[in-house]
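Novice: need a structure here:
(one chain, ligands or ions: 1)
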Amino acid sequence: MGEGGCCVQLLDGDGVFNVAGIEHFMNSVKLAECGLSYAVVSIMGPQSSGKSTLLNHLFGTNFREMDAFRGRSQTTKGIWLAKCANVEPFTVVMDLEGTDGRERGEDDTAFEKQSALFALAISDIVLINMWCHDIGREQAANKPLLKTVFQVMMRLFSPRKTTLLFVIRDKTKTPLEHLEPVLREDIQKIWDNVPKPQAHKETPLSEFFNVEVVALSSFEEKEVLFREQVASLRQRFYHSIAPGGLAGDRRGVVPASGFSFSAQQIWMVIKENKDLDLPAHKVMVATVRCEEIANEKLAYTSADKEWVQLEEAVQHDIVPGFGKKITAILDKCLAGYDIEAFYFEEAVRTSKRQQLESKLLQLVSPAYQTMLGHIRSKVLDDFKEAFDKALEKEGFAVAALECTQSSMFKFDRCCEDAAIEQANWDPSKIRDKLQRDIDTHLASVRTAKLSELTALFEGQLNKALAEPVEALLDAASDNTWPAVRELLQRETESAVSGFASALSTFALDQATVDKMLVKLKEYGKNVVESKAREEAGRVLIRMKDRFSTLFSRDADSMPRIWTGKEDIKAITKSARSASLKLLSVMAAIRLDEETDKIEETLLLALVDASSNGVKNRSIQSLDPLASSSWQEVPSAKTLISPVQCKNLWRQFKAETEYTVTQAIAAQEANKRNNSMLPPPWAIAAILVLGFNEFMTLLRNPLYLGVIFVVFLVGKAIWVQLDITGAFQNGALPGLLSLSTKFLPTVMNILKRLAEEGQQAAAPPSQSKPELDSKVFRNSIRSNSTSDPSSNISSTEDGDEYSSPLRK
Ligand SMILES: Nc1nc2c(ncn2[C@@H]2O[C@H](COP(=O)(O)OP(=O)(O)OP(=O)(O)O)[C@@H](O)[C@H]2O)c(=O)[nH]1
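Specialist: You can find the predicted model right below:
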């Protein structure tokens, strides 16, 4: 039976659908590949009316036929399926269980109806097998069948136009031309009598069916003729689906790959006794099938070797040509889908394609994101490297702009390379992130460079200011602060102009630049101020240094030798006023050209007040230094407050006192050493006594002892009587007081001498020389009260301090 030999039972006699069998059948005959180019033919008719015999002869199939010699009984159960041999296009033929079956009985007619509806739903051409002698007969065997066919056709929601080919068997000598009108009349009558739904009440038969009629001679009696007629009938099945063909105006064909599923679903609906909505069924079949195809393609792509390798590679690094490779893989998958789903409903096919596409994109999206991540970090790394190099050659702003532009360009190019055509994904978020990362890097480098630059200029400014300011402050004079101001201005201007030109390469906004320049200026000012504060902290040492320099060195910086001619008072005064100058210069920061009265106040309070102190005590009661702030000087600018000045001055004076005293002592000693001439009384004695007598007097130790004793006694009387004190109030009162005190004093001295003598006799250790030394010490002490040094201190200081010697 050629290639059509294979046949399969689609439905068994109990109405069970043979899913595995039909799948196997479809695979073995490759039905799925036919698309829409296939036709389905089925045959209905009374039992044992030679249906199988006809199909086997017509299509070269191998359906079971009844053995002619065994009698007529049912051979075909359920529905059988086979491929027609040598017919184009691909034609599937179904052999249905015969109607009016004696075995099934009346109650089983349900299966007849179900199988008839099934055949009508899936067939393009239905052969109705009938005996010639039944034509025009009231009790014709095929009448119930036709009734059934027309009735069930009404249950198709929207019927497909089916070709009903009536095959008249065992034709008689009556020509077909006479038979056909009678048959058509019979058919029309049956059609008219079939109860129809309201919508189809007036619908003509031709809307549902193409009715064709053919007559065949008896196979049993005129086999040769039968074969000839069958052969010519076969011709009508060639190109049956082409326009003008036997099924040329069929509608709503299910693509071949959906045939099995469609048949199953139709049978299910029929068995559940529901109406068949064929258009909806078609959409349903398309939906299921397209989804199956899409899933199959997706699964295939997920396991695709090329894709798996690509996915693995992209985890580690940038994959060149990523976009093109992925695009090709997706294209391949979608093209496969398109081919297989081509014959299904366009709307369904398209929407399923979109679903497949989005699933495919979901599949590749993580890889794409990873790829973008690689691109971003690679571009960022490259940017950092390029920027570092560019900074060596160009200014910050230029380097930043160039490197940023080229990096962004590079990113865009890499993104183009990674772009997947189907996706049209926008990498702008990653691009923005890259831009932000670049900006952050630039900002941090900018901050570092700017602080480097700031430190550099601050360092330079500090160097240019600190030491000169220290020197200027140390040389405190009227010109100190103007000079400091000038220095500050000059150095700040030069630093600021250098800094400004260095900043210009950063392309900062003017406000920021101004702020930084102002900060540098402030820094310069702070350097000066902190230097001034530092110096103010050392002002006492500086004052003492200045004092001792001026005091102990002359105008030529030569150390002074206190010969006795120097005016110590004047020297002290000028040295102190120079030190006071230092104090007044250091008392406040004067970076603004505002005048203050610190110097005048200090002079008035410390120098003038002390020299006038004895005379004008009322000034002291209004001490201008009894305040913690200077007039007209803000506290921020005050380095030494008035009270501190006062205390410092007191300390300064106390600590320099010793130097002055030393100088006076040195001067005195020098004076004494230099007076090699005998004292005036000796010169007078020499003149009176003559030199020889004087020498005799000197050479005679007894005379000398007497003179010495007289001197001592005289001196003691002088002291006791306080002769200088007595004459302070005038000569006459002095003489009167002396005259009254003289005798008691002499007596007192003599008495004390006697007492001392007695005591000296008692403890042998206390001898006269000791008494003498005591008296001598006393005399020295009294002498010192009239010492010139005490004179100086009292004139200079009033009561403020006393000479260490007096203390
Ligand atoms: N009179 C007559 N008998 C035929 C013709 N063709 C076949 N037969 C005979 O009819 C009997 C039944 O043949 P089948 O082909 O099995 O009939 P069927 O309609 O397929 O039978 P079921 O499948 O059982 O319904 C056989 O004995 C055939 O020899 C024909 O053209 N005329």
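Novice: From now on I want contacts and neighbour counts done on CA atoms only, so please keep to that.
Specialist: Noted.
Novice: For the stretch 201-350 of the chain, what lies in contact range of the ligand?
Specialist: Counting by C-alpha under 6 Å from any ligand atom, the residues of the stretch 201-350 of the chain close to the ligand are 218-220.
Novice: which helices and strands does whichever strand or helix holds residue 577 pack with?
Specialist: Using DSSP states H and E, residue 577 maps to helix 568-586. Under the contact criterion of 3 or more C-alpha pairs under 8 Å, 6 or more residues apart in numbering; DSSP states H and E, helix 568-586 touches helix 428-474, helix 510-537, helix 539-552, helix 598-602, helix 642-674.
Novice: how distant is it from the center of its chain?
Specialist: Distance of helix 568-586 from the chain centroid (C-alpha atoms, centre = their mean, to the nearest Å) equals 65 Å.
Novice: Tell me what angle that helix forms with helix 539-552.
Specialist: 150 degrees (axes from the mean of the first three to the mean of the last three C-alpha atoms, to 10 degrees).
Novice: if we look at helix 568-586, which residues are touching it?
Specialist: 473-478, 480-481, 532, 535-536, 539, 542-544, 546-548, 550-551, 598-599, 602-603, 607, 639-640, 645, 649, 660, 663-664, 792 (C-alpha atoms under 8 Å, 6 or more residues apart in numbering).
Novice: buried ones in that helix?
Specialist: 568, 571-573, 575-586 (16 or more other C-alpha atoms under 10 Å).
Novice: Run through these and flag the ones next to the ligand.
Specialist: Okay, of those, nothing touches the ligand (C-alpha under 6 Å from any ligand atom).
Novice: Let me know the closest of these to residue 733.
Specialist: Nearest to residue 733 out of the buried residues of helix 568-586 is residue 568 (C-alpha to C-alpha; 36.1 Å).
Novice: burial count for residue 707?
Specialist: Using other C-alpha atoms under 10 Å, residue 707 is surrounded by 14 other residues.
Novice: In the host helix or strand of it, which residues are buried?
Specialist: Following DSSP H and E, one finds residue 707 within helix 701-721. Applying a neighbour-count criterion of 16+ other C-alpha under 10 Å, the buried positions in helix 701-721 are 712-713, 716-717, 719, 721.
Novice: Export those residues as a markdown table, with columns for pLDDT and distance to residue 324.
Specialist: Below are the buried residues of helix 701-721 laid out as a markdown table (pLDDT from 0 to 100; distance: C-alpha to C-alpha, whole Å):
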| residue | pLDDT | distance to residue 324 |
| --- | --- | --- |
| 712 | 83 | 132 |
| 713 | 79 | 135 |
| 716 | 80 | 131 |
| 717 | 80 | 133 |
| 719 | 77 | 128 |
| 721 | 75 | 132 |
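Novice: Which of those residues sits closest to the ligand?
Specialist: Comparing the buried residues of helix 701-721 against the ligand with C-alpha to the nearest ligand atom places residue 719 closest, at 178.7 Å.
Novice: ok, and for stretch 228-244, which residues are buried?
Specialist: Buried-residue list, stretch 228-244, by 16+ other C-alpha under 10 Å: 229-230, 233, 237-241.
Novice: Of all residues in the stretch 651-800 of the chain, which one is closest to the ligand?
Specialist: For the stretch 651-800 of the chain, C-alpha to the nearest ligand atom, closest residue to the ligand: residue 651, 143.7 Å.
Novice: So what's the residue count around that residue?
Specialist: 14.
Novice: any idea how far it is from residue 662?
Specialist: Distance, residue 651 to residue 662, by C-alpha to C-alpha, to the nearest Å: 18 Å.
Novice: In what element of secondary structure is residue 291 found?
Specialist: helix 278-302.
Novice: which residues touch that helix?
Specialist: 121, 156-159, 252, 254, 257-258, 261-262, 266, 307-308, 329-330, 333-334, 336-337, 340-341, 344-345, 348-349, 352-353, 356, 359-360, 363.
Novice: Narrow these to those that are buried.
Specialist: Buried among the contacts of helix 278-302 by 16+ other C-alpha under 10 Å: 121, 156, 159, 254, 257-258, 261-262, 266, 307, 329-330, 333-334, 336-337, 340-341, 344-345, 348-349, 352-353, 356, 360.
Novice: Out of the residues of the stretch 201-350 of the chain next to the ligand, who's the most crowded?
Specialist: Neighbour max across these (other C-alpha under 10 Å) = residue 218, 20 neighbours.
Novice: tell me the contacts of that residue?
Specialist: Per C-alpha under 8 Å, 6+ apart, neighbours of residue 218: 169-171, 226.
Novice: Now the buried members of those residues.
Specialist: Counted by 16+ other C-alpha under 10 Å, these give 169-171, 226 as buried.
Novice: need these in CSV with pLDDT and secondary structure, can you?
Specialist: What follows is these, written out as CSV (pLDDT from 0 to 100; DSSP: H, G, I helix; E, B strand; the rest coil):
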residue, pLDDT, secondary structure
169, 94, strand
170, 93, coil
171, 91, coil
226, 95, helix
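Novice: Following the record's annotation, map out the domains of this structure.
Specialist: Domain ranges of the chain: 2-276, 278-425, 451-537, 540-674, 683-797, per automatic domain parsing.
Novice: Mind listing what's buried along the strand or helix carrying residue 406?
Specialist: Residue 406 is part of helix 396-418 when elements are defined by DSSP H and E. Buried residues in helix 396-418, counted by 16+ other C-alpha under 10 Å: 396-400, 403-404, 407-408, 410-412, 414-418.
Novice: Other residues contacting that helix?
Specialist: With C-alpha under 8 Å, 6+ apart as the criterion, helix 396-418 contacts 320-324, 368, 371-372, 375-376, 379-380, 382-383, 386-387, 390-391, 427, 431, 435, 438, 442, 446, 505-507.
Novice: In PyMOL, how would I select just the buried ones from those residues?
Specialist: Buried subset of those, written as a PyMOL selection, criterion 16+ other C-alpha under 10 Å:
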select buried, resi 322+323+324+368+371+372+375+376+379+380+383+386+387+390+427+431+435+438+442+446+506
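Novice: Low-confidence ranges, the stretch 701-807 of the chain, go.
Specialist: Where the stretch 701-807 of the chain drops to pLDDT under 70, the residues are 725-726, 728-730, 760-807.
Novice: Tell me where it has helices.
Specialist: 701-721, 723-726, 731-761, 768-785, 788-797 (DSSP state H, counting those that start in this stretch).
Novice: what's the answer for the stretch 151-300 of the chain, then?
Specialist: Remark: helices assigned in the stretch 151-300 of the chain by DSSP H, counting those that start in this stretch are 176-193, 205-208, 223-235, 259-271, 278-302.
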